[in-house]
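Visitor: Sequence and predicted structure are below.
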Amino acid sequence: MKLVIVESPTKAKTIQHFLPADFVVKSSYGHVRDLPKRELGVEVQNNFQPKYVVPLTVRKRLAEIKGALAKAKSVILATDEDREGEAIAWHLVQALKLKTDTIQRIVFHEITKSAIDDALKNPRDLDMNLVNAQQARRILDRLVGYELSPFLWRKVAKGLSAGRVQSAAMRLIVEREREIQNFKPDEYWTIIALLLKIKNNSEPFETILTQKNGKAIPKLGVKSQEEAQNIIADLTAAQYKVSELLQKDVQRHPAPPFTTSSLQQEAVKKLRFSAKQTMQIAQQLYEGITLNSEGSIGLITYMRTDSLNLAQQAVSEIHNFILQKFGDQYLPPAARVYKTKTKGAQEAHEAIRPTDINRQPDEIKQYLNSYQYKLYNLIWQRTLACQMASAVLSTTTVDVEAKKLSSDNAYLFRANGSQIKFGGFLKIYNGKIQETILPPLTKNEMLELKKLDPLQHFTQPPARYSEATLIKALEDNGIGRPSTYAPIISTIQGRNYTQKDKERKFFPTDIGFVVNDLLVEHFPEIVDLKFTARMEDDLDKIAQGQMEWTPVIREFYDPFKIHLNQKYQEVAKQKPQPEATDKTCPKCGHPVVIRTSRFGKFYACSQFPKCRFTESLENKTAPLNISCPKCREGQILTKRTRRGKIFYACNRYPECDFALWDKPTGEKCAKCGALIAETKKGTVCSNKDCA
């Protein structure tokens, strides 16, 4: 018997499907060893050697693997091909006390029969460079977290945490919020002329003032209503003539196939999935979905990657599909090759794509839940489109001169039109573009003015980060790598350092501001974006065998520890001052104030700790526009427990005690009438007794 060990039970089930009967596949359910939870677990004086332990929850699984190991003639480690997967394989070797010369390490980018067969024919040794890079990241994060978090407990509030990467991400959000707060809008005006052909029933078209006397008018060139009205007066009784007409075809090229970052960004924009949700669903599609008689099949390639490469065989299959489905006019002159611009891109060998482009989303929809279908459809469409012909747009630029005989001033208005001439890849992906169709015009043609309209505008502050734009900013700044974007975002939300507004964009909480400002002032190296990016580069060099891991940690830790000890002495406690209110404590009658904890602001008695009355702020609850199904009078609100955990409850509490941990969608179960709620497994009925 040959024993194959992977990290996921779903992956084990899919791989077993492709292997002969003498192969047995077991799952480790992730890491079998880790640093201990309640101590540092790193011997700083012994070259940062980690003290790994086998968690109690893992011991039973490890015993099952050991039982199978006793019957095995050979052991094959088939964990994922990135650093984390390599580390899991190495921990298995250590925990099971396997001899490295008796094991085989195989890697594959997709879970298909051909990929598994090819991997079995080409085993390799464990890559200790990848293992060391993962260890270095884990130890660095442990050192920062376990050394710096107690400092925050003493100087700000208990329960806070700091992290090497999460703190840099928070700095981006805080600095953006301060930009917004300090932004001073500038007034500016645009002049719109609505024109139409003379003696013609064509629709009027809009033009915008762009030049005066041959000089361009910048965006903020007209700064006041008075200036705008002067221009309007100067244009009274002006004649409008087409002075220039330019028509040309332009190509719009398809976007490259998905990387981890671009998939997360697009899933936020198009599907409203969070980064964490996207990765969970992508993991399911990668590890395998049961497709009727076919059994469990991996539907997409490995989803943690920053490569834009596509395997040649996959490109050939995509081209054949395009040819048969749409015709040769939808094929580009040559196969498209994309090159990544991400620095240090090397985590995997291919972009994210379907394992078989012929497996069309609608044909397997019945085997997928709604989330899996949406994400698979997005990946399938993007992959197909990236190898299709460019779209061709017919564009028209019209310059209209406006001048009256009694004035020396000449004004130029411009209109731009576009029309899809050939859809190309737009036929399958991102096909909804706004066409602007202008009437047929000729040079020197006179036009009739229908309306002259001055429009007031104000410059806008930079937008808050959405999950998509935050991931893009992390990638652009070299912060984190494909496997870390989703955990970073989950951490800063879970710690209540940031929340989302109605537009699902991030803003810092009060405690988020306090922690960030403290770190920026006293530990700038931790939140410095360039420093964080350099550390990622060093980790990449460790993975490539160009650097040893212990000197990298030593170079960071020794000055950091000295600096930390100094700051314990120098920094005073950063305790936010209570805010006065007009409320009175219902328990003791003393004034109620607003205090700040790591979970946010709350009402509290001013006599604390003598009186321990607390109450959540009313403006911190959020109505969902969902009626309470129990009392039918109240509304469901978003609330937080004293420990900051979110739940959903009726606003008539304590008269009505209806509450849910999972967020209700507003829809009702067709079977029992209870509210449907969002869970990690998808949308389900909130009634536990309903099937």
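Guide: Everything's here; your move.
Visitor: so who does the closest residue to residue 636 other than its chain neighbours touch?
Guide: In space, and not counting its chain neighbours, residue 636 is closest to residue 626: 4.3 Å by CB to CB, 6 or more residues apart in numbering. C-beta here means a position set from N, CA and C on the backbone, and glycine is covered the same way. By CB atoms under 8 Å, 6 or more residues apart in numbering, residue 626 lies in contact with 635, 636, 664, 666, 675.
Visitor: Check which helices and strands the strand or helix carrying the fourth one sits against.
Guide: Meaning residue 666. Here residue 666, judged by DSSP states H and E, is contained in strand 663-668. On a contact count with 3 or more CB pairs under 8 Å, 6 or more residues apart in numbering; DSSP states H and E, strand 663-668 meets strand 622-627, strand 675-679.
Visitor: Show residues contacting the following helix or strand past the last one.
Guide: Looking back up the chat, that one is strand 675-679. Heading C-terminal from strand 675-679, the first helix or strand you meet, by DSSP H and E, is strand 682-685. Identification of contacts with strand 682-685 by CB under 8 Å, 6+ apart yields 369-371, 662, 665, 667, 669, 671-672, 674-677.
Visitor: Identify the farthest-apart pair in the residues you listed.
Guide: 371 and 672 (22.5 Å; CB to CB).
Visitor: if you count what's nearby, which of those two comes out ahead?
Guide: Shown here are residue 371 and residue 672; by other CB atoms under 10 Å, residue 371 has more neighbours (20 against 12).
Visitor: Quick check: that one touching residue 283?
Guide: No - look at residue 371 against residue 283 with CB atoms under 8 Å: they stay out of range, at 12.0 Å.
Visitor: circling back to that earlier point, for residue 321, which of the helices and strands packed on strand 663-668 is the nearest?
Guide: strand 675-679 (34.7 Å).
Visitor: buried stuff in that closest one?
Guide: 675, 676, 677 (16 or more other CB atoms under 10 Å).
Visitor: Across the sheet, point out what pairs with the last one.
Guide: Note on residue 677: beta-bridge partners by DSSP bridges are residue 664, residue 684.
Visitor: Next one: it, what pLDDT does it get?
Guide: Per-residue pLDDT puts residue 677 at 88.
Visitor: and it, what does it touch?
Guide: Applying CB under 8 Å, 6+ apart, the residues near residue 677 are 660, 662, 663, 664, 665, 683, 684, 685, 686.
Visitor: before we move on, what about the first one?
Guide: Residue 675 makes contact with 626, 629, 660, 664, 665, 666, 667, 668, 669, 685, 686 under the criterion CB under 8 Å, 6+ apart.
Visitor: Just among these, which is most surrounded?
Guide: That'd be residue 686 among the contacts of residue 675, by other CB under 10 Å, with 23 neighbours.
Visitor: Quick check, that residue in contact with residue 663.
Guide: No - assessed by CB under 8 Å, residue 686 is found out of contact with residue 663, at 9.9 Å.
Visitor: Retrieve the pLDDT associated with the residue lying farthest from the centre of the chain.
Guide: Using CA atoms, centre = their mean, the residue of the chain lying farthest from its centre is residue 406. It sits 58.9 Å away. Looking at residue 406, its pLDDT is 77.
Visitor: what ranges do the strands span in the stretch 551-691 of the chain?
Guide: 579-584, 591-597, 600-605, 614-616, 622-627, 635-640, 646-650, 659-660, 663-668, 675-679, 682-685 (DSSP state E, counting those that start in this stretch).
Visitor: SS state for residue 195?
Guide: Per DSSP: H, G, I helix; E, B strand; the rest coil, the local secondary structure of residue 195 is strand.
Visitor: Hmm, it is touching residue 239, no?
Guide: No - using CB under 8 Å, residue 195 makes no contact with residue 239, being 11.4 Å away.
Visitor: More neighbours: those two, which one.
Guide: residue 195 (24 against 13).
Visitor: In space, what's closest to the more buried one - neighbours in sequence excluded?
Guide: Leaving aside its sequence neighbours, residue 195 sits nearest to residue 447 (CB to CB, 6+ apart; 4.5 Å).
Visitor: wait, residue 568 sits on residue 152?
Guide: No - using CB under 8 Å, residue 568 is not in contact with residue 152; the gap is 11.5 Å.
Visitor: Any idea how many residues pack against the residue lying closest to residue 224 once chain neighbours are set aside?
Guide: Nearest-residue entry for residue 224: residue 187, 6.7 Å, with adjacent residues in sequence omitted and distances by CB to CB, 6+ apart. By other CB under 10 Å, 13 other residues sit near residue 187.
Visitor: Tell me how far residue 655 lies from residue 631.
Guide: 7 Å (CB to CB, to the nearest Å).
Visitor: Neighbour count: these two, which is higher?
Guide: Using other CB under 10 Å as the criterion, residue 655 and residue 631 rank with residue 631 on top: 15 against 10.
Visitor: show me what contacts the more buried one?
Guide: 650, 652, 655, 656, 658.
Visitor: how about 6 Å then?
Guide: 652, 656 (CB atoms under 6 Å, 6 or more residues apart in numbering).
Visitor: Tell me the spacing between it and residue 615.
Guide: From residue 631 to residue 615 the distance is 21 Å (CB to CB).
Visitor: Am I right that residue 41 is in contact with residue 48?
Guide: No - counting by CB atoms under 6 Å, residue 41 does not reach residue 48; the two are 10.6 Å apart.
Visitor: Run the chain-centre distance for the helix ranked longest in the chain.
Guide: Scanning the chain for the helix with the most residues, using DSSP state H, yields helix 128-155. In terms of CA atoms, centre = their mean, to the nearest Å, the gap separating the centre of helix 128-155 from the centre of its chain is 23 Å.
Visitor: For the helix or strand that that helix is followed by, buried residues please.
Guide: As assigned by DSSP H and E, the chain's next helix or strand after helix 128-155 is helix 166-182. By neighbour count on 16+ other CB under 10 Å, the buried set for helix 166-182 is 166, 167, 168, 169, 170, 171, 172, 173, 174, 175, 176, 177.
Visitor: Of these, just say which sits nearest to residue 10.
Guide: Nearest to residue 10 among these, with distances taken as CB to CB, is residue 166, at 28.7 Å.
Visitor: Run a quick neighbour tally on the nearest residue to the closest one once chain neighbours are set aside.
Guide: Leaving out its chain neighbours, the residue that sits closest to residue 166 by CB to CB, 6+ apart is residue 491, at 4.7 Å. Using other CB under 10 Å, the number of residues around residue 491 comes to 19.
Visitor: Next, work out how far apart residue 491 and residue 262 are.
Guide: 22 Å.
Visitor: Tell me which helix or strand in this structure has the weakest average pLDDT.
Guide: None of the helices or strands of the chain scores lower by mean pLDDT, DSSP states H and E than strand 622-627, at a mean of 72.
Visitor: Check what pLDDT residue 418 gets.
Guide: The model's pLDDT for residue 418 equals 93.
Visitor: got it, and the one 3 residues further on?
Guide: Note for residue 421: predicted pLDDT of 93.
Visitor: between the strand or helix carrying the residue nearest to residue 166 and helix 166-182, how many degrees?
Guide: Following DSSP H and E, one finds residue 491 within helix 485-494. If you take axes from the mean of the first three to the mean of the last three CA atoms, to 10 degrees, helix 485-494 sits at 60 degrees to helix 166-182.
Visitor: buried set for helix 485-494?
Guide: Result for helix 485-494 [16+ other CB under 10 Å]: buried residues 485, 486, 487, 488, 489, 491, 492, 493.
Visitor: Appreciated, that's everything.
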